[in-house]
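A.B. asks: Got a predicted model here, sequence first, then my questions.
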Amino acid sequence: MTRLQNMADPALLPKLHDPELLIFIRHGETDWNFEGRMQGQRDIPLNATGEGQASANGARLRAYLEQLAIDPSTLDFVSSPLGRTRSTMELLRAAMGLDRAGYRLEDQLKEITFGDWEGFTLEELADDEQERILQRRADKWAFVPPGGESYEMLAERIGVWLKTVDRPSVVVSHGGVFRVLRGLLEGRDKVSVPRLDVPQDKVFVWRDGQFTVV
């Protein structure tokens, strides 16, 4: 598919940027993740499983960089400002043998907000919000929860940030952020983006136009 075709198709996200090296890690598990609660921008801490995932991802990343002879000091370490992402970044860096505090925060990397739905499971909302839940199921990309954001709105926010990435980077952020980021980097269709799987025990790498999972 050519760039012109991509831009002309409203079902596809435009490819905004092709960074030399962009490494993404989702924060480790929280109790709300485990319970299936919509977390959004609520500041829920990592649980013991999530702490272990963060440290293990640090070991994975360290081995990956060593294999490629990449010095971590040449990378820009960036985190969402929420507590679970900051904890993940600090555990990850500690597992790499780096100063826990050697990273910066980026407000635009916050998770999509679910507004009034944060803290609930879909099952708990089913009786009072059935019509909205059906709307969400029909068009998850454009659906806006009451007081929240749609994936379309999130993609605009992350797109602004992505255009500023001008050096090899390690990003710790959230599941929704990964989905739209991958969509923008790869020109994916809008229907599939909100359904992308984002495991919390993997390291995702875009390098020289190729996507790999470590």
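C.D. replies: Perfect, thanks for sending it.
A.B. asks: Could you pull out the strands in the chain for me?
C.D. replies: 21-26, 76-79, 104-105, 169-173, 204-207, 210-213 (DSSP state E).
A.B. asks: so what secondary structure elements neighbour the shortest one?
C.D. replies: Pointing back at strand 104-105 there. strand 76-79 (3 or more CB pairs under 8 Å, 6 or more residues apart in numbering; DSSP states H and E). For the C-beta atoms, the positions are set from N, CA and C on the backbone; glycine is no exception.
A.B. asks: ok, residues contacting the strand it packs on?
C.D. replies: With CB atoms under 8 Å, 6 or more residues apart in numbering as the test, strand 76-79 has contacts from 85-86, 88-89, 93, 102-106, 109, 167-173.
A.B. asks: If any of these are buried, put those into a ChimeraX selection.
C.D. replies: Per 16 or more other CB atoms under 10 Å, the buried members of these correspond to this ChimeraX selection:
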select :85,86,88,89,93,103,106,109,168,169,170,171,172,173
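A.B. asks: so which of the strands of the chain gets nearest residue 42?
C.D. replies: Closest approach to residue 42 among those (CB to CB): strand 169-173, 15.3 Å.
A.B. asks: distance of the residue of the chain most remote from its centre from residue 86?
C.D. replies: No residue in the chain has its C-alpha farther from the mean C-alpha position than residue 127, which lies at 30.1 Å (CA atoms, centre = their mean). Applying CB to CB, to the nearest Å, the value for residue 127 to residue 86 is 36 Å.
A.B. asks: Residue 57 against residue 92, yeah?
C.D. replies: Yes. The pair residue 57 / residue 92 is scored as a contact, 5.6 Å apart, by CB atoms under 8 Å.
A.B. asks: who touches both of those two?
C.D. replies: When contacts are counted by CB under 8 Å, 6+ apart, the set common to residue 57 and residue 92 consists of residue 25.
A.B. asks: what's the neighbour count on residue 27?
C.D. replies: Counted with other CB atoms under 10 Å, the neighbours of residue 27 add up to 30.
A.B. asks: if I pick it, what's in contact with it?
C.D. replies: 46, 50, 54, 80, 82, 84-85, 87-88, 172-174, 200.
A.B. asks: next one: phi and psi at it?
C.D. replies: The phi/psi pair for residue 27 (degrees, to the nearest 10) reads phi -60, psi 160.
A.B. asks: Tell me, what's the model's pLDDT at it?
C.D. replies: With respect to pLDDT, residue 27 scores 98.
A.B. asks: cool, and the one 3 residues further on?
C.D. replies: At residue 30 the predicted local confidence, pLDDT, stands at 98.
A.B. asks: what sits against the nearest residue to it once chain neighbours are set aside?
C.D. replies: Take residue 30 and drop its neighbours on the chain: the residue closest to it by CB to CB, 6 or more residues apart in numbering is residue 44, 4.4 Å away. Each residue near residue 44 by CB under 8 Å, 6+ apart is listed here: 30, 31, 32, 83, 84.
A.B. asks: cool, and residue 210?
C.D. replies: Contacts of residue 210 by CB under 8 Å, 6+ apart: none found.
A.B. asks: Across the sheet, point out what pairs with it.
C.D. replies: Under DSSP bridges, the beta-bridge partners of residue 210 are residue 207.
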